[in-house]
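In: Build me a structure from this.
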Amino acid sequence: MDDLKISLVQADLHWEQHDANLAMFEEMIWNIEQTDLIVLPEMFTTGFSMNAKELAEPVGGKTFKWMRQMAKQKKAAIVGSHIVKEGPNYFNRLYFVHPDGSSEQYDKKHLFALAGENEPYTAGKDRLIITYKGWRICPLICYDLRFPVWARSQRSEKELYEYDLLLYVANWPGARINAWDSLLTARAIENLSYCAGVNRIGTDGLSKDYPGHTAAYSFLGERLGFATEENVMNVRLSASELNSYREKFPFQEDADAFHFD
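Out: Below you'll find the model as predicted:
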């Protein structure tokens, strides 16, 4: 397990405009130098829209194909969520696409009922732990951040830690940005894991303002990077520092054992 370089892409999304957003992100991604993992915001092709029927793509649609192309060309994994229709259901679906074109997916578990997300979208049921370059990564989406049990690193008979990096992709508004900052820090500390969150900036089609605050935190809750403007933030995560600290302070040995239903 070597160090992992992650590139967190914070941008002002074009409201409900797939092509404009893909073009914008493609330009931003092409300017990234060597990296291992590129992280995009939640619903990065549309913004946080409830117009699922009009905006959804089929499984394996244009956005997914674009992600595969970007991952292959940049020789880096790419992750982000967009609106997908599968059967009769619509999902806020995150894809983690590997450089070789293989992929894994996670459907948002906690739908934001205050914005009506639970009406057009179907909630996911299962978490996802990805193994990439020796790192175990748990990707989650926005509102999931408020529910610590869902993010809790579970110990097993074989492994004390379930993952090494916790990722959040989001459209988190400025009115509640203090919660975003505080909870990202808490998730890192309580799970003895790196934690990174990518938010958008700008104002969406519903006049909601987003201040960014894309950030990465160490297993100690130390801020490794923070952004409030449109940019790509590159952060290197140290495998040796993480493993050394976990060996010296094995707090997870005293964690409560539990399993999801």
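
In: Find the nearest non-adjacent residue to residue 190, please.
Out: residue 148 (6.9 Å; C-beta to C-beta, 6 or more residues apart in numbering). C-beta coordinates here come from the backbone N, C-alpha and C atoms, glycine included.

In: Over to the one you found: give its phi and psi.
Out: phi -60, psi -30 (degrees, to the nearest 10).

In: Would you confirm that it contacts residue 186?
Out: Yes: between residue 148 and residue 186 there is a contact under C-beta atoms under 8 Å: 7.3 Å.

In: what about these two, which has more around it?
Out: For residue 148 versus residue 186, neighbours defined as other C-beta atoms under 10 Å are more numerous around residue 186 (16 against 13).

In: who does the host helix or strand of residue 224 touch, helix- and strand-wise?
Out: Secondary structure assignment for residue 224, by DSSP states H and E: strand 223-227. Judged by 3 or more C-beta pairs under 8 Å, 6 or more residues apart in numbering; DSSP states H and E, the packing partners of strand 223-227 are strand 4-10, strand 214-217, strand 231-237.

In: What lies in contact with the second one?
Out: Outside of strand 214-217, the residues that reach it under the criterion C-beta atoms under 8 Å, 6 or more residues apart in numbering are 6, 8, 10, 181, 184-185, 188, 194-199, 223-227, 233, 235, 237.

In: what are the ranges of the strands in the stretch 1-150 of the chain?
Out: 4-10, 37-39, 57-58, 77-86, 89-97, 103-107, 130-132, 135-141 (DSSP state E, counting those that start in this stretch).

In: what's the burial count for residue 3?
Out: For residue 3, using other C-beta under 10 Å, the count is 14.

In: For residue 36, see how far away it is.
Out: According to C-beta to C-beta, to the nearest Å, residue 3 stands 9 Å off from residue 36.

In: now residue 113
Out: 36 Å.

In: Please identify which of the two sits among more neighbours.
Out: Per other C-beta under 10 Å, whichever of residue 113 and residue 36 has more neighbours is residue 36, with 20 against 10.
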